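Peer 1: Prediction below, plus the sequence it came from.
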Amino acid sequence: MRRFISGNINYSSWSIRALLMARHVGLDAKEEIVPLDFPETTERLAAISPTRKVPLLIWDDETVWDSLAIIEWLAEHFPDKDVWPAEAKARARARAISAEMHSGFPTLRKACPMDIRSRHATPELTEALKSDIARIDRIWTETREAFGEGGPFLFGDWSAADAVYAPVVTRFRTYDLPRSDRAQAYMDAVLAHPLMQTMQEEAEAEPWGITYGPDGRKAWMR
């Protein structure tokens, strides 16, 4: 059995990071979506996921969870698919900025939940949010300056680092967050990538919605 289980394409940033790279390498696994925040969501995930979270890769007798762990699994199993940059210094930087995204930027995550298909007002730019935004802009511009020669992405060619930051690109667009011209050029490249174009179309077509309110998240059918 070979399955890739994700949450909603429109809302699940953790899912699409790994799913982008699974599609990049041409992973031959059945893709399944478990819509988030419905009453039955936890029960459905409990039956398949040790963490009751997404994403999850089931590959024969292996079960791999967490977006970065799945990306590393893909890098090991598809060494010719350039999951990470080939050059050692670039690869180290790619992993460092990906880990920083994976564990950081809590204010951005809370103030700007991912919602690919929608456009929302820019939230209050608190000092904490401005700090997250500035750091991300600096990561994009400095990485492009140091390693981006030869292509429009962080390390020239598309890599896992771009997949990790792709949900952040959509947040910057959804909430019209301030950014430099260089950051905007990078965003344009990511949003125009065929894999991202497909995901945006899938997000638009999904029948599920999530509302964020003072009492938390509430799922509904469109």
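Peer 2: Cool, the structure landed. All of these numbers come straight from a predicted model, not from anything done at the bench.
Peer 1: Now the residue sitting furthest away from the middle of the chain: phi and psi?
Peer 2: Distance from the centre of the chain peaks at residue 61, with 26.0 Å (Cα atoms, centre = their mean). Backbone torsions for residue 61, taken as degrees, to the nearest 10, come to phi -100, psi 10.
Peer 1: oh, and call the first residue 625 from now on, that's how I've got it
Peer 2: All right, first residue 625 from here; so that's residue 685.
Peer 1: Report the contact partners of it.
Peer 2: Counting by Cβ atoms under 8 Å, 6 or more residues apart in numbering, residue 685 makes contact with nothing. Placement of C-beta: from N, CA and C, glycine included.
Peer 1: Any figure for the gap between it and residue 780?
Peer 2: For residue 685, the distance to residue 780 (Cβ to Cβ, to the nearest Å) stands at 37 Å.
Peer 1: try residue 829
Peer 2: For residue 829, the distance to residue 780 - Cβ to Cβ - is 32 Å.
Peer 1: Those two: which has the busier surroundings?
Peer 2: Higher neighbour count among residue 829 and residue 780: residue 780, with 15 against 11, using other Cβ atoms under 10 Å.
Peer 1: now the more buried one, what's its secondary structure?
Peer 2: Secondary structure for residue 780, judged by DSSP: H, G, I helix; E, B strand; the rest coil, is strand.
Peer 1: if I read this right, it contacts residue 773, doesn't it?
Peer 2: Yes: counting by Cβ atoms under 8 Å, residue 780 sits close enough to residue 773 to count as a contact (6.0 Å).
Peer 1: For the protein, which segments count as strands?
Peer 2: In the chain, the strands defined using DSSP state E lie at 626-630, 654-657, 680-683, 686-689, 832-837, 840-845.
Peer 1: Which residue is the nearest non-sequential neighbour of residue 669?
Peer 2: Leaving aside its chain neighbours, residue 669 sits nearest to residue 676 (4.5 Å; criterion: Cβ to Cβ, 6 or more residues apart in numbering).
Peer 1: Which residue ranges make up each domain of this structure?
Peer 2: Domain ranges of the chain: 626-705+831-845, 712-821, per automatic domain parsing.
Peer 1: Any chance of JSON lines for those, columns mean pLDDT?
Peer 2: Converted to JSON lines, the domains of the chain look like this (pLDDT from 0 to 100):
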{"stretch": "domain 626-705+831-845", "mean pLDDT": "96"}
{"stretch": "domain 712-821", "mean pLDDT": "98"}
